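Trainee: predicted coordinates and the sequence they were generated for:
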Amino acid sequence: MGVHSITLPDVGEGIAEAELVEWSVAVGDTVLEDEVVGAVMTDKAAVEIPSSVTGKVIWLGGEIGDVIAVGAELLRLEVEGEGNQANIAAAGAGTSADTGAETVSDVVTTDTASATELPGQTTTAPTAPTVKPAEAPAQNSISQKPLAAPSVRKKAMDLGIDLRTVKGSGPAGRVVHEDLEASQNSSVAAGARVADKSITEIKVVGMRRKIAEKMSLAKARIPHITIVEEVDVTNLEELRKELNDTHGESRPKLTVIPFMMKAIVEAVREQPQLNARYDDEQGVIHQYGGVHIGIATQTEAGLMVPVVKHCETLSLWGSAGAVGEVAQSSRDGSASREALSGSTITITSLGPLGAIATTPIINHPEVAIVGINKIAIRPHWDGQQFVPRKMMNISASFDHRVIDGWDAAVMVQKLKTLLEKPAMLFVGD
Amino acid sequence: MADINCKLLVIGAGPGGYVCAIKAAQLGVDTVIVESEAFGGTCLNVGCIPSKALIHAADEFYKIAAGSNGNELGIEVSAPRINLAKTIDWKNGIVGRLNGGVEGLLKKAGVNVVQGRADFLDGKTVRVSGAGGSKTIAAENVVIATGSKPVELPSLPFSEQVLSSTEALALQQVPGTLAVVGGGYIGLEIGIAYAKLGARVIVVEAANSILPQYDSDLTKPVVNSLAQLGIELMTATRANGMTEEGLVVEAADGEIKTIAADKVLVTIGRSPRTGGCSLEELSLTMEGPFIQTDNKCQTSMRGVYAIGDVTGEPMLAHRAMAQGQMVAELVAGQNRVWDKVCIPAVCFTDPEIVTAGLSPAEAIEAGHEITVGQFPFQANGRAMTMESSSGFVRVVANKSDGVLLGVQAVGQGVSELSSAFAIALEMGACAEDIEATIHAHPTLSEGFAEACMQVTGSALHI
């Protein structure tokens, strides 16, 4: 067993040091050749450092945030055979100072000599065959330039190839034209960014095909009008926290969704035309008395929209519980066809990923969908000063064939009013 | 609104500037070049070319003169005389032809040639004042290639009697006594030429040795040759100034002497020509007296490049030309960076000195473990037949893999070996590669192969 040391390679742009920003390995881990062991940050970009050999990590050269000089030791690996550092066995047991130890001292000499003036080369470059540095003599001689004829250097520049990443096959590691071609053709020329020309064919079948068809249908048929409005949910969030704290585990945990369901129930009470399904082939709008809210749910198979039926009959916790149940049954595949159909209006929420605004696609043949965006504390002008308020946007789309912009706006304003003064949600009860 | 708008404006038509302009124009870049004096810069007008012309004439004269004294070759001639004015006319003819040649090449390539003096209005605009009035030129890219000029000693201002290299190359008569202040290559080249033409030459050098950039092995044959030519060498001696009697010099021990010199040639170095074209207005980052540039010859101002002597040592025409070519390619949108392994340098003394790459000391200082091979011309048949068996070829190689790090030579006619040395280094050759290359016999170049054999331990002829 030997110790192989990996030094911080020259990351280019004349950079002398770089900040360690990531360790992908820990002491004791086994890393494979070319596996990324960590990353350093230069002025411009994070650069991943691959391991040049396979071995077990025995030492890390710094903590995250440390600034490491180019050429400084980054980590040490225990490797099969002799490494490029003093042999563990030889260092430990004085008796075994035989041929092995001689080899080791040779190796160390080579290493030190090249490390002093050739940072980023040979033993220090992750791409070099560093397992046996004694057989890979200093690639070059004058300053830190790779050994190559002028025509090879010019071609490399034309091709945008960093010659330091090319292994030379000529005498003394000289890079020849063939090496450049090989480097271009080979994606394993570690360090070189090679265009990935692979294309993977994935059949669109089953659930994914259903989703695709449904989305095409909705987006192709329905002229969407989308309204985005901001909602001050500070009060709502206070109330939600209060209710969750009060009831703890005894009741389903409240998210924003049951409040939104409640608000929708209230809003469509005034605007029943929004709680409907439009059979555009027959030219008939089916306006529903009951509010059946579809809950767009991400499952492993893809997007599903289970339905909470008759939301007008549900309490806040009733809604919360129902959402939890239908979402769970969709995810574990136990949802019946019945449970996945019959919605009259839909809510879509990406939770913490909810973005600033979205352009929700209507769940055909419904006529409205309400998107919930993420909550963020934003400065809000209260008439005298800016105050920090919890703000949430709602992005709602409507079928503009049957819903006019005015009605859409009224609906969104209603939702906003209800959510900003959540007490209003319960006045009707 | 500028009178001329272009993509590339080159200021100075010396070797760097004119090569840059021609190359850029060939690459389809809309190029303007401005020159206030004759085309070709220092090199062509008052440097490389005229000095080599004078050296050639001096060598020819010296050979003939040697024949008049009786010699081993059996040549008998009567004592020659030199009509220096005619020599200088001949030299001027060569310079004139080359001037015209450069101008012709520029025009043929489609470069817009503007005669006059350029002054920067801003980083991308200059005003050129010439015989035909003044005009402004605006360019996307500017190359400063204004070159260098001889340094004047405050105690020895240039005059009728105190000359810079420029005037020394245009004398109408061989001076009876010529004192050369500064034992660098320029002073020695011209000093040796005048010594061969019959002048009494005294070289005054403040340092302890001449040709300070070379190691003593390389300079020794030159020092010997100076003695043979009757040139007096006063090292560790300073020039204090002129009196009626001549040049006053002070040795390190305080002894003051006066050299009754007809002419005094001051060759203590050259300084970059950074003043006089409102360059200071640009506030470019400097490196000492030179304009600081990166490995693309870019200055601290975007789109403003500097090449040649204004960017520092080595002040060599071929370095400027290579820089000019690179900048032209960069401006044309190509991906280029200065990646030369060596800039060979030739000192045209008698014998000549060639250096390419690292000297043994430089290689060791750079941390290389080296092997040195040296082959003396005494063992070279061609050298013997030219009566010039002093000198040697020396190669410096990396010990582990034999990659050549540097090659030097001193000897008569070795300047032409510079190309072989530079090719070997630039190609990344190993000593073995050179050794295995057949070198024509009988030539001085065999010394290169033999020196490489020393490195690989397979020397044949020594």
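Mentor: Happy to help now that I have it.
Trainee: what about stretch B:166-186, average pLDDT?
Mentor: Over the span of stretch B:166-186, the pLDDT mean works out to 96.
Trainee: show me which positions of that stretch end up buried.
Mentor: Buried residues in stretch B:166-186, counted by 16 or more other Cβ atoms under 10 Å in any protein chain shown: B:167-171, B:174-175, B:177-186. The C-beta positions use only the backbone N, C-alpha and C, and glycine is treated the same way.
Trainee: gap between that stretch and the chain center?
Mentor: Mean C-alpha position of stretch B:166-186 versus that of the full chain (Cα atoms, centre = their mean, to the nearest Å) differs by 16 Å.
Trainee: what's the first-to-last distance across that stretch?
Mentor: Between the opening and closing residues of stretch B:166-186 there is a gap of 11 Å (Cα to Cα, to the nearest Å).
Trainee: and the longest strand anywhere in chain B, what does it pack against?
Mentor: Assignment by DSSP state E gives strand B:133-144 as the longest strand of chain B. Contacts defined by 3 or more Cβ pairs under 8 Å, 6 or more residues apart in numbering or on different chains; DSSP states H and E place strand B:133-144 against strand B:4-11, strand B:31-35, strand B:125-130, strand B:304-306, helix B:317-331.
Trainee: who touches B:A363 in this structure?
Mentor: By Cβ atoms under 8 Å, 6 or more residues apart in numbering or on different chains, the residues touching B:A363 are B:I370, B:V396, B:L405, B:G406.
Trainee: arrange these in JSON lines, one row each, with secondary structure as further columns.
Mentor: What follows is those, written out as JSON lines (DSSP: H, G, I helix; E, B strand; the rest coil):
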{"residue": "B:I370", "secondary structure": "strand"}
{"residue": "B:V396", "secondary structure": "strand"}
{"residue": "B:L405", "secondary structure": "strand"}
{"residue": "B:G406", "secondary structure": "strand"}
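Trainee: possible to save those as TSV with neighbour count, pLDDT and distance to chain A?
Mentor: Formatted as TSV, the contacts of B:A363 follow (neighbours: other Cβ atoms under 10 Å in any protein chain shown; pLDDT from 0 to 100; distance: Cβ to the nearest Cβ, whole Å):
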residue	neighbour count	pLDDT	distance to chain A
B:I370	21	96	9
B:V396	27	97	10
B:L405	26	96	5
B:G406	25	97	8
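Trainee: I'd like to know which of the buried residues of stretch B:166-186 are part of helices.
Mentor: Within the buried residues of stretch B:166-186, residues falling in helices by DSSP state H are B:E167, B:A168, B:Y185, B:I186.
Trainee: so who does A:L243 touch?
Mentor: Residues near A:L243 by Cβ under 8 Å, 6+ apart: A:L254, A:L316.
Trainee: ok, 6 Å please
Mentor: A:L254 (Cβ atoms under 6 Å, 6 or more residues apart in numbering or on different chains).
Trainee: you'd agree it is in a helix?
Mentor: Yes - assessed by three-state DSSP, A:L243 belongs to a helix.
Trainee: if we can go back for a sec, pLDDT on the longest strand of chain B, on average?
Mentor: Mean predicted confidence for strand B:133-144 is 94.
Trainee: next: stretch B:350-360.
Mentor: For stretch B:350-360, the mean per-residue pLDDT is 96.
Trainee: try stretch B:105-122
Mentor: On average, the pLDDT along stretch B:105-122 is 94.
Trainee: for that stretch, how far is the first residue from the last?
Mentor: Stretch B:105-122: ends 29 Å apart by Cα to Cα.
Trainee: how close does the residue nearest in space to the middle of chain B sit to B:I343?
Mentor: Nearest residue to the geometric centre of chain B (Cα atoms, centre = their mean): B:L316, 4.9 Å. For B:L316, the distance to B:I343 equals 6 Å [Cβ to Cβ, to the nearest Å].
Trainee: these two touch, right, B:L405 and B:R394?
Mentor: No - shown here, B:L405 and B:R394 do not form a contact pair, counting by Cβ atoms under 6 Å, at 11.4 Å.
Trainee: which among the helices and strands packed on strand B:133-144 is found nearest to B:N45?
Mentor: strand B:31-35 (10.8 Å; Cβ to Cβ).
Trainee: mean confidence score for the helix or strand following the closest one?
Mentor: For strand B:31-35, the succeeding helix or strand toward the C-terminus, using DSSP states H and E, is helix B:41-46. Averaging pLDDT along helix B:41-46 gives 94.
Trainee: got the buried residues for the helix or strand just after helix B:41-46?
Mentor: Counting by DSSP H and E, the next helix or strand C-terminal to helix B:41-46 is helix B:48-67. For helix B:48-67, the neighbour count (16+ other Cβ under 10 Å) marks B:48-55, B:57-59, B:61-62, B:64-67 as buried.
Trainee: cool, thanks, signing off.
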